[in-house]
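> Sequence and predicted structure are below.
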Amino acid sequence: MKFNTKTIHGGQHNVDPAYGAVMPPIYQTSTYSQTTPGGHKGYEYSRSGNPTRTALENAFASLENGKFGLAFSSGLAAIDAVLKLLKPGDEVVSTNDLYGGSYRLFTKIYQDFGIKFHFVGMQDASAIEKHINKNTKLLWVETPTNPMMNIIDIKACAVLSKKHNLLLAVDNTFATPYLQQPLEIGADIVMHSATKYLGGHSDVVIGALIVKDEKLAERLYFIQNASGAVCGPQDSFLVLRGIKTLHIRMQRHCENGKAIAEYLTSHPKIEKVYWPGLPSHPNHEIAKKQMKDFGGMISFTTKGNIMADAIKVVERLKIFTLAESLGGVESLAGHPASMTHASIPKVEREKTGVVDSLIRLSVGIEDIDDLIADLKQALG
Ligand SMILES: *Cc1c(COP(=O)(O)O)cnc(C)c1O
């Protein structure tokens, strides 16, 4: 099955054996009747499993060419489950330009449990290996990174993870499986905040893990059930519905992203534009190799790097909504230094490029003329 068919049918055959409903029913139930103790039809309690969630988990697995999908109550709950594979004394190498919530989970919770994190500019693959030692267990990769849009070479990370016997996990939230499929090029775990592009309509919070290896899937399933951060059936249904249009939404996100990146590049008040599809992007060559297209996430800075200027721009936007999050059909704008990255100390965030004037756009699928006109008036 090809990708555009998988978004609609992947993992979804016979979702309603009772009546043949085309969409999986929302099984709004916590428990399931048994004929004799242990005599059930595959489900006994909805933390352990729910048929609507199973339909979503199968869709996740299909999209990423994995074998097993797991759905969680949020992206962070999915990341949390991966970290629970580790023990005190273990070490993790990750990117220094990481989603703020992941950074907070790593440094404010798991560090206190005795896990050590190294944050490295992973877009330079040669910088990674010197942080690997005998305690290292996990490479945590995010690409494109948030919000600097650095591209990390997943294949190069896979070579390192095989060489040192590490797990390689990739947060694929920004790219989606439409643009890249990390399991195909050597990753062990793919993670998503399905809150973003997979759901696609800014109406639900869900996380995903997808793996190929059965033993790893069993360990993660054990953690999912034992820790209990599962998503409900209504939310599972919404993400299933969203996934059905992922391919056409992504196509438009990419087209609009390109037009806006080019517009901003030529604008006299703009200092820098970060979008991996621009030939001037420092990791453009890896992006071309690794990704099918370049997505709808763009960051830029205004000339002079004045926080008040950037805030004025995001406040003036009318079609772009000033909001956290990304990946929905509607265009959003954010100011990372005061919003998504406020939990990262200023000196730390500035080292990676998250300066005061940085603005991040999640380009939606509206008419491109309206989006460009909106940016033009806001920058005017
Ligand atoms: C939003 C996001 C997360 C966290 O997901 P939630 O669903 O908000 O918990 C993790 N990684 C990236 C790249 C994200 O954008």
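That came through, no problem.

> For Val314, the count of nearby residues, please.
Residues near Val314, counting by other Cβ atoms under 10 Å, number 21. Just so you know, the C-beta spots here come from the backbone N, C-alpha and C atoms, and that holds for glycine as well.

> Spit out the contact partners of it.
Neighbouring residues of Val314 by Cβ atoms under 8 Å, 6 or more residues apart in numbering: Phe320, Leu322, Ala333, Gly334, His335, Ile359, Ala378.

> which other helices and strands contact the helix or strand harbouring the third one?
Using DSSP states H and E, the secondary-structure element containing Ala333 is strand 332-334. Strand 332-334 makes packing contacts with helix 307-316, strand 321-322, strand 358-362 when contacts are defined by 3 or more Cβ pairs under 8 Å, 6 or more residues apart in numbering; DSSP states H and E.

> just so I have it, where are all the helices in this protein?
With helices called from DSSP state H, the chain shows them at 3-9, 51-63, 75-83, 100-104, 154-163, 176-179, 214-227, 233-243, 246-265, 284-290, 307-316, 346-351, 368-379.

> coming back round to it: pick out the most distant pair among the contacts of Val314.
Distance extremes for those: the farthest pair is Gly334 and Ala378 at 13.6 Å, using Cβ to Cβ.

> and those two? which has more neighbours close in?
Higher neighbour count among Gly334 and Ala378: Gly334, with 24 against 18, using other Cβ under 10 Å.

> ok, back up a step: the strand holding Ala333 vs the ligand: in contact?
No: using Cβ under 6 Å from any ligand atom, strand 332-334 stays clear of the ligand, coming no nearer than 10.9 Å.

> starting at the chain centroid, how far to that strand?
Relative to its chain's centre, strand 332-334 lies at 17 Å (Cα atoms, centre = their mean, to the nearest Å).

> For the stretch 251-380 of the chain, which residue gets nearest to the ligand?
Nearest residue of the stretch 251-380 of the chain to the ligand: Leu326, at 6.2 Å (Cβ to the nearest ligand atom).

> oh, I was asking about the stretch 51-200 of the chain
Gly75 (2.2 Å).

> Buried ones in the helix or strand of the chain with the lowest mean pLDDT, by neighbour count?
When each helix and strand of the chain is scored by mean pLDDT, DSSP states H and E, helix 346-351 comes last, with a mean of 86. By 16 or more other Cβ atoms under 10 Å, the buried positions in helix 346-351 come out as Arg349.

> again with stretch 95-105
By neighbour count with 16+ other Cβ under 10 Å, stretch 95-105 contains the buried residues Thr95, Asn96, Asp97, Leu98, Tyr99, Gly100, Gly101, Ser102, Tyr103, Leu105.

> need the residues you listed in CSV with distance to Gln224 and pLDDT, can you?
Listed next are those as CSV, based on distance: Cβ to Cβ, whole Å; pLDDT from 0 to 100:
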residue, distance to Gln224, pLDDT
Thr95, 25, 95
Asn96, 29, 90
Asp97, 28, 87
Leu98, 23, 88
Tyr99, 21, 89
Gly100, 24, 86
Gly101, 19, 91
Ser102, 18, 95
Tyr103, 23, 92
Leu105, 16, 97
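
> Run through the strands of the stretch 51-200 of the chain in chain order.
Ranges of strands within the stretch 51-200 of the chain are 68-72, 91-95, 116-120, 136-142, 167-171, 189-193, based on DSSP state E, counting those that start in this stretch.

> residues making contact with the fourth one?
Applying Cβ under 8 Å, 6+ apart, the contact partners of strand 136-142 are 82, 85-86, 90-95, 97-99, 102, 106, 122, 128, 152, 154, 157, 160-161, 164, 166-171, 173-174, 182, 187.

> Cheers, nothing more for now.
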